[in-house]
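> following is a predicted model, sequence given first.
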Amino acid sequence: MKLDGIAALVAVAEAGSISEAARRLRLAKSVVSERLAELERQLGGRMFHRTTRKLTLTEDGAAFLERATRITREVEEAVASFAERRGTLSGPMRLSAPVTFGRMHLGPALWAFLRDHPAITLSLDLNDRRIDVASEGFDAVIRHGAIEDSRLMVWRLAPSRRVFVASPDYLARRGTPRSLQDLAEHDGIFYANRGAADWRLVDARGGAHMVRARGKLTLNNGDLMREAAVAGQGITLLPSFITWEVLRAGQLVVIDVGVQAEEESIYIAHPEGRQPSAKLRALADHLRSAFGEPPYWD
């Protein structure tokens, strides 16, 4: 039984289609199909139910996949460990990160890391949705916010400070809020992926507050939220890593209402129970150094 057939099975199961698996493996679709077919011939059973719209694992396929995934991971880790013993970080690394943070800050930091470690092959998926790291085949996920999945081992990369911002034009028209009561009377621009059109705040004594402004806009992307605020559409609560450049340019101003947003972090997380590779540890160290503390955007 060939390892490339097992690797094809794992890739198709994680990707959900042969086309996407071929893209991730950097192979022709026909090659992946043939490797999967050969594996099924050797095992004497079908690994997937095939329809015109999707692939789903058979009962046999699901049972085989668990060990197949472990086999491919161990082979990858063995190859990487062999290289690391000779002072080289190598092999594939698959990461997921938020769109705006990835574009503005993660990308520039990664290019320097890859320049220093040319034997690493990186696959980066920029997506704001919540990722199931283990089942979707990622080595790690980089995220901003509160840590919700207890099955993840988390390393903090940088603190994240969130601030209320609005354009000078909007504040000239509507006035500058000075309190939570004032804030509730304004137009709000909210982040859709947080699930509620409200702001959760904490005062100096640790007391929790919730403010519901008028839901002028609900968007699922930080870049759009910033641009909507610059265009005078309302007040929004955004991480400083998104607003730092437009604040310096005077396109937005910070609003102080006497309380702060709940503390959050930028972190990298990997599945619990999986030994993190040397290259993942090296990446985390590199990102901490590249971002700084306090981070350069603050």
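Looks like it arrived, so ask away. Numbers count the residues shown, from 1 in each chain.
> alpha carbons only for contacts and neighbour counts from here, please
OK.
> for the residue positioned nearest the centre of the chain, give me its contacts.
Nearest to the mean C-alpha position of the chain, by C-alpha atoms, centre = their mean, lies residue 97 at 2.4 Å. Shown in contact with residue 97 (C-alpha atoms under 8 Å, 6 or more residues apart in numbering): 124-128, 141-143.
> in the sheet, who's paired with it?
On the basis of DSSP bridges, residue 97 is bridged to residue 126.
> check what pLDDT it gets.
Predicted confidence (pLDDT) for residue 97: 93.
> where does the stretch 101-250 of the chain dip in pLDDT?
Within the stretch 101-250 of the chain, the ranges that satisfy pLDDT under 70 run 134-135, 146-150, 195-197, 204.
> do a quick rundown of the strands in it.
Ranges of strands in the stretch 101-250 of the chain, per DSSP state E, counting those that start in this stretch, are 120-126, 140-145, 152-160, 162-166, 187-191, 199-202, 208-211, 214-219, 235-239.
> what lines up beside the second one in the sheet?
Within its sheet, strand 140-145 is paired with strand 91-97 (parallel), strand 264-271 (antiparallel), according to DSSP bridges.
> can you list those strands in TSV and add distance to residue 278?
As requested, the strands paired with strand 140-145 are exported to TSV (distance: least, C-alpha to C-alpha, whole Å):
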stretch	distance to residue 278
strand 91-97	11
strand 264-271	13
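> the residue nearest to the centre of the chain and residue 40, how far apart?
With distances taken as C-alpha to C-alpha, to the nearest Å, residue 97 is found 35 Å from residue 40.
> list the contacts for residue 131?
Residue 131 neighbours (C-alpha under 8 Å, 6+ apart): 96, 141.
> apply 10 Å and report the result again.
96-97, 138, 140-143, 149 (C-alpha atoms under 10 Å, 6 or more residues apart in numbering).
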